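Colleague: next come a sequence and a model predicted from it.
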Amino acid sequence: MPWPERLTPEVVSNFYRSGDWQLGTANERLDELALDRPDALALVDSTRRLTFREYQKQATNLAASFLELGLTRDDVIAIQLPNGVDFPIAINAAMRAGIPFCQFHHGFRSKEVNFVLGFSRARAVIIPQLKHGFDYAAMIAEMRPQLPNLEHVIIAGDSVPAAAPETLAQLASRRPKADELCRMAFTSGTTGDPKAVVHTHNTSSCTARSSARDQRMSERSAMLLFLPVGLNWGLGCTKQSLFSGCKIVYMEKFDARTALEIIDRERITHFVTAPASLIAMMDAADEGHYDLSSLEVIVSGGASCPLEVMKRAQQRFGSRVLEMYGMLESGVQSRTYIEDDYEQVAGTVGRPVREVKVRVADPQDRPVPAGTIGEIECFGPSVMLGYYENADANKRAFTADGFFRTGDLGVFEPSGLLRIAGRTKEMIIRGGANIYPRELEEVLFEHPKIADCAVVGVPHPRLGETAVACVVLRPGQTLSFDDMIEFLTPRVARYKLPERLIVLDELPRTPTGKVQKPSLVQLVGVN
């Protein structure tokens with residue numbers, strides 16, 4: 001992908017001068033830790049505990065196997081893994097070999113996986129063999145005829161031989177520069193206007209380093225991660241723990257009591273969460289006896305954390321609850337800080353991080369005064385290069401002076417705190433996970449009983465939002481909620497499934513035929 005014009009030599013020089021961009025990558029950081037703290041615990045999941053020396057060794061051996069397969073910096077390695085130590089090994093192996101990677105949610109099924117592998121032109125994919133009764137290898141085998149670029153299917157956990165000396169020498173020569181392509185990841189659903197975000201090592205690592213700094217993480221910290229590693233935040237936390245030099249504990253599937261047991265046993269200091277999971281953990285903590293004294297910082301995101309929830313969490317856990325605002329394209333743009341008075345910052349997403357310029361602008365991209373609602377725009381070292389092979393989307397996404405248009409509406413308070421006022425996009429955020437209505441709609445349209453459909457988000461006191469499917473049936477047909485879920489389950493990830501089904505005689509539309517979703521949300525509230 002060509003280097004964007006907005007990153008002029010002067011801008012790049014400023015990023016390096018400020019230290020926001022660095023010459024090294026996550027590879028060098030792992031090597032430092034393997035040399036300086038070889039026996040310190042680095043990675044933990046339910047079955048394995050690896051030191052930094054073991055982490056580096058396994059990543060190196062896997063990287064060497066990539067070279068032996070003939071993979072180059074012009075290829076892409078797709079990664080579909082659940083939470084566990086295989087994930088950091090896989091991404092560090094890809095980075096070590098200088099091969100861009102594309103990680104995606106382990107819950108994606110055939111329709112979604114086919115799109116990701118096809119659009120990214122992945123030459124290799126890393127998957128589990130079986131997980132919770134689902135056969136990933138069989139899924140990939142079925143779609144192989146439709147994926148001419150896919151040559152290699154790598155099963156996580158399979159034995160990888162030690163790297164030969166000549167391959168190690170080749171790896172050393174293949175080490176990527178910090179300004180080279182590191183990864184791509186998808187923001188939208190699997191249909192319509194695909195948006196594959198492209199990041200370099202520098203743009204990808206910038207937020208991880210600043211988050212570690214602002215959350216006061218160090219080598220003595222310990223992070224718990226139950227958010228999926230296939231999503232951007234999961235990857236960010238993985239790199240954040242690496243740059244901090246601390247242990248990260250992976251939890252494959254969230255369960256409030258299990259999370260509390262891990263915090264107690266592993267002496268966790270930091271974890272990130274959506275408000276819904278935080279509420280569940282507080283309820284479970286009230287029912288059990290856990291030593292949570294190690295906790296220092298809880299970071300909430302994805303949906304606004306109510307003041308009462310923050311108060312209760314800080315009292316129950318004895319740690320600070322921080323909020324952040326960011327996205328795949330831009331990294332973290334603003335956050336609340338440990339030193340903030342949480343009652344004063346509650347309901348906001350804090351102040352812009354040091355690295356990123358944030359403004360609220362009118363439709364002509366002119367900054368508006370404090371107290372005025374506009375679109376949030378940002379510029380900084382964590383912003384993506386752009387959308388892969390999507391010139392139209394890049395043109396819409398960036399202003400003439402190089403700021404990224406987030407599509408979110410916000411307002412700066414006189415105090416400098418940023419408040420989210422709404423979203424220009426239709427994306428639904430359910431418990432911190434993004435759900436794109438159009439993706440569900442395209443699948444629902446395939447149902448033989450459905451003539452028309454639309455998916456909308458409605459407010460939910462605990463999850464933030466939930467998805468509601470509104471359908472018009474073909475004459476003489478009936479459809480139950482269970483029937484709809486049975487149809488959707490093999491086609492989309494479980495976290496995207498609608499919470500409700502509303503059957504209507506017709507959908508409200510504009511004269512041009514576009515569904516009037518605000519009117520539909522009102523109808524949903526009546527039903």
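Modeller: Done, it's in. Residues are numbered from 1 along each chain as shown.
Colleague: when you work out contacts or count neighbours from here on, use the C-alpha atoms and nothing else.
Modeller: Noted.
Colleague: touching the top helix by length along the chain from outside, list them.
Modeller: Looking across the chain with DSSP state H, the single longest helix is helix 52-68. The contact list for helix 52-68, computed with Cα atoms under 8 Å, 6 or more residues apart in numbering, reads 30-31, 33-35, 37-43, 89-90, 92-94, 96-97, 160-163, 167-168, 171.
Colleague: identify each buried residue in that helix, please.
Modeller: 52-67 (16 or more other Cα atoms under 10 Å).
Colleague: out of those residues, which comes closest to residue 266?
Modeller: residue 52 (16.8 Å; Cα to Cα).
Colleague: what's the spacing between that closest one and residue 448?
Modeller: Residue 52 is 53 Å from residue 448, where distance means Cα to Cα, to the nearest Å.
Colleague: sorry, back to before: report the two of the buried residues of helix 52-68 separated the most.
Modeller: Greatest spatial distance in these: 52 and 67, 22.7 Å, computed using Cα to Cα.
Colleague: burial count for residue 135?
Modeller: When counting by other Cα atoms under 10 Å, one arrives at 13 neighbours for residue 135.
Colleague: sorry, back to before: so of the contacts of helix 52-68, which ones are in strands?
Modeller: 41-43 (DSSP state E).
Colleague: among these, who's most crowded?
Modeller: residue 42 leads the ones in strands among the contacts of helix 52-68 on contacts (other Cα under 10 Å) with 28 neighbours.
Colleague: find the nearest non-adjacent residue to it, please.
Modeller: Leaving aside its chain neighbours, residue 42 sits nearest to residue 247 (4.3 Å; criterion: Cα to Cα, 6 or more residues apart in numbering).
Colleague: so that neighbour sits against residue 222, correct?
Modeller: Yes. In this structure residue 247 lies within contact range of residue 222 using Cα atoms under 8 Å: 4.9 Å.
Colleague: tell me how far stretch 216-227 lies from the chain's centre.
Modeller: 17 Å (Cα atoms, centre = their mean, to the nearest Å).
Colleague: in that stretch, which residues are buried?
Modeller: Counting neighbours by 16+ other Cα under 10 Å, stretch 216-227 gives 217-219, 221-227 as buried.
Colleague: repeat that for stretch 284-292.
Modeller: Within stretch 284-292, the residues that qualify as buried are 284-285, 290, 292, counting by 16+ other Cα under 10 Å.
Colleague: got JSON lines for those, with distance to residue 24 and secondary structure too?
Modeller: Listed next are the buried residues of stretch 284-292 as JSON lines, based on distance: Cα to Cα, whole Å; DSSP: H, G, I helix; E, B strand; the rest coil:
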{"residue": "284", "distance to residue 24": "42", "secondary structure": "helix"}
{"residue": "285", "distance to residue 24": "42", "secondary structure": "helix"}
{"residue": "290", "distance to residue 24": "40", "secondary structure": "coil"}
{"residue": "292", "distance to residue 24": "36", "secondary structure": "coil"}
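Colleague: between those, which is closest to residue 390?
Modeller: Nearest to residue 390 among these, with distances taken as Cα to Cα, is residue 284, at 45.9 Å.
Colleague: from residue 255, how far off is the closest one?
Modeller: Counting by Cα to Cα, the gap from residue 284 to residue 255 is 10 Å.
Colleague: cool, residue 342 as well?
Modeller: Taken as Cα to Cα, the span from residue 342 to residue 255 is 27 Å.
Colleague: more neighbours, the two?
Modeller: residue 342 (21 against 14).
Colleague: the more buried one: what's it in contact with?
Modeller: With Cα under 8 Å, 6+ apart, residue 342 has these contacts: 307, 310.
Colleague: burial count for the closest residue to residue 509 other than its chain neighbours?
Modeller: Leaving aside its sequence neighbours, residue 509 sits nearest to residue 515 (Cα to Cα, 6+ apart; 4.3 Å). Using other Cα under 10 Å, residue 515 has 15 neighbouring residues.
Colleague: thought residue 515 was touching residue 506?
Modeller: No. Counting by Cα under 8 Å, residue 515 does not reach residue 506; the two are 10.2 Å apart.
Colleague: now the end-to-end length of stretch 12-30.
Modeller: 25 Å.
Colleague: which residues touch it?
Modeller: Contacts for stretch 12-30 (Cα under 8 Å, 6+ apart): 52, 56, 92, 95-96, 177-178, 201-203, 205-206, 239, 242-243, 355, 381.
Colleague: pull the number of nearby residues for residue 411.
Modeller: 25.
Colleague: would you verify that it is located in a strand?
Modeller: Yes. Secondary structure assignment places residue 411 in a strand (DSSP: H, G, I helix; E, B strand; the rest coil).
Colleague: how close does it sit to residue 336?
Modeller: When residue 411 is compared with residue 336 (using Cα to Cα), they lie 16 Å apart.
Colleague: likewise for residue 289?
Modeller: Distance from residue 289 to residue 336, by Cα to Cα: 30 Å.
Colleague: what of residue 8?
Modeller: 31 Å.
Colleague: which one's more surrounded, these two?
Modeller: Each of residue 8 and residue 336 has its neighbours counted (other Cα under 10 Å); residue 336 has more, 26 against 11.
Colleague: which residues of the stretch 351-500 of the chain fall in helices?
Modeller: 391-397, 437-444, 481-488 (DSSP state H, counting those that start in this stretch).
Colleague: mind giving me CSV with these and columns for mean neighbour count?
Modeller: Output for these, formatted as CSV (neighbours: other Cα atoms under 10 Å):
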stretch, mean neighbour count
helix 391-397, 13
helix 437-444, 20
helix 481-488, 14
